[in-house]
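K.L.:
With the input below, show me the fold.
(chains A and B)
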Amino acid sequence: NAGVMQNPRHLVRRRGQEARLRCSPMKGHSHVYWYRQLPEEGLKFMVYLQKENIIDESGMPKERFSAEFPKEGPSILRIQQVVRGDSAAYFCASSPPGTATNEKLFFGSGTQLSVL
Amino acid sequence: AQSVTQLGSHVSVSEGALVLLRCNYSSSVPPYLFWYVQYPNQGLQLLLKYTTGATLVKGINGFEAEFKKSETSFHLTKPSAHMSDAAEYFCAVSDYGNEKLTFGTGTRLTIIP
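P.N.:
Coordinates of the predicted model:
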């Protein structure tokens, strides 16, 4: 049973380009979370999704950032018109359906986004 | 709002010595508390968690943590450090039913041979 898979591991973009980060949750998991880790900081919650639904996006920047988790395929975190301040490690986590799912989070290895 | 404070961004201990990583939290409701470990170039791995019940929680790799409500603390300990314990450690808090974890800024643990 593969863990949470994120790709790419490293992504380099120039200012103004788009970044697409992918996350495939563990088998049987229907909840996906995205966190961002800025240098020298802890992880900050961005968004919580279930299949085809955004449940909580209170941590997402209001502009340029969007996330989806379609019925089929991986979850995508999309950043439009990237700026240098978007450079960070982006982590995806998944959990199975049910209550208290924050107890059963599994994290991927992250995508390191570098904006030139 | 919840918050987590990890005292000491870098901690160094000798191999075989006691490991103590500090975590204090702020929460308006009974919290769920977690410790995660992050090895280089890897994702976070759950070490242990406190939800309800016994306040002394044992985790993987010989680590344990004690929830002390009066001190709003959840410090992580290990009696004898091993070289393989070198990593970054994150304390996190959440509410029951709240899917968001609030993380501390992390403590980088170095083991001295």
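
K.L.:
Can you list the low-confidence ranges for chain A?
P.N.:
Low-confidence segments of chain A (pLDDT under 70): A:1-2, A:99-103.

K.L.:
Correction: the previous question concerned chain B.
P.N.:
Short version for chain B, where the test is pLDDT under 70: B:96-98.

K.L.:
Within range of chain A, give me the residues from it.
P.N.:
Remark: the part of chain B in contact with chain A comprises B:4, B:9, B:32, B:36, B:41-46, B:49, B:51, B:90, B:92, B:94, B:96-106, using Cβ under 8 Å from any Cβ of the partner chain. To be clear about C-beta, it is placed using only N, CA and C from the backbone, and glycine gets the same treatment.

K.L.:
count of neighbours near the closest residue to residue B:79 other than its chain neighbours?
P.N.:
What sits nearest to residue B:79 in space, not counting adjacent residues and going by Cβ to Cβ, 6 or more residues apart in numbering or on different chains, is residue B:18, at 6.1 Å. Using other Cβ atoms under 10 Å in any protein chain shown, residue B:18 is surrounded by 11 other residues.

K.L.:
any idea how far residue B:111 is from residue B:18?
P.N.:
12 Å (Cβ to Cβ, to the nearest Å).

K.L.:
okay, and the common contacts of the two?
P.N.:
residue B:81 (Cβ atoms under 8 Å, 6 or more residues apart in numbering or on different chains).

K.L.:
where's the residue nearest the centre of chain B, which helix or strand?
P.N.:
Closest residue to the average C-alpha location of chain B: residue B:35 at 3.5 Å, with Cα atoms, centre = their mean. Using DSSP states H and E, residue B:35 maps to strand B:31-38.

K.L.:
could you pull out the strands for chain A?
P.N.:
In chain A, the segments counted as strands under DSSP state E are A:5-7, A:10-13, A:19-24, A:31-37, A:43-50, A:53-56, A:65-68, A:75-79, A:88-95, A:106-107, A:111-115.

K.L.:
Can I get those in a markdown table including mean neighbour count and distance to residue B:58?
P.N.:
Listed next are these as a markdown table, based on neighbours: other Cβ atoms under 10 Å in any protein chain shown; distance: least, Cβ to Cβ, whole Å:
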| stretch | mean neighbour count | distance to residue B:58 |
| --- | --- | --- |
| strand A:5-7 | 18 | 30 |
| strand A:10-13 | 15 | 36 |
| strand A:19-24 | 20 | 31 |
| strand A:31-37 | 24 | 26 |
| strand A:43-50 | 22 | 24 |
| strand A:53-56 | 13 | 31 |
| strand A:65-68 | 18 | 36 |
| strand A:75-79 | 20 | 33 |
| strand A:88-95 | 24 | 22 |
| strand A:106-107 | 20 | 20 |
| strand A:111-115 | 18 | 33 |
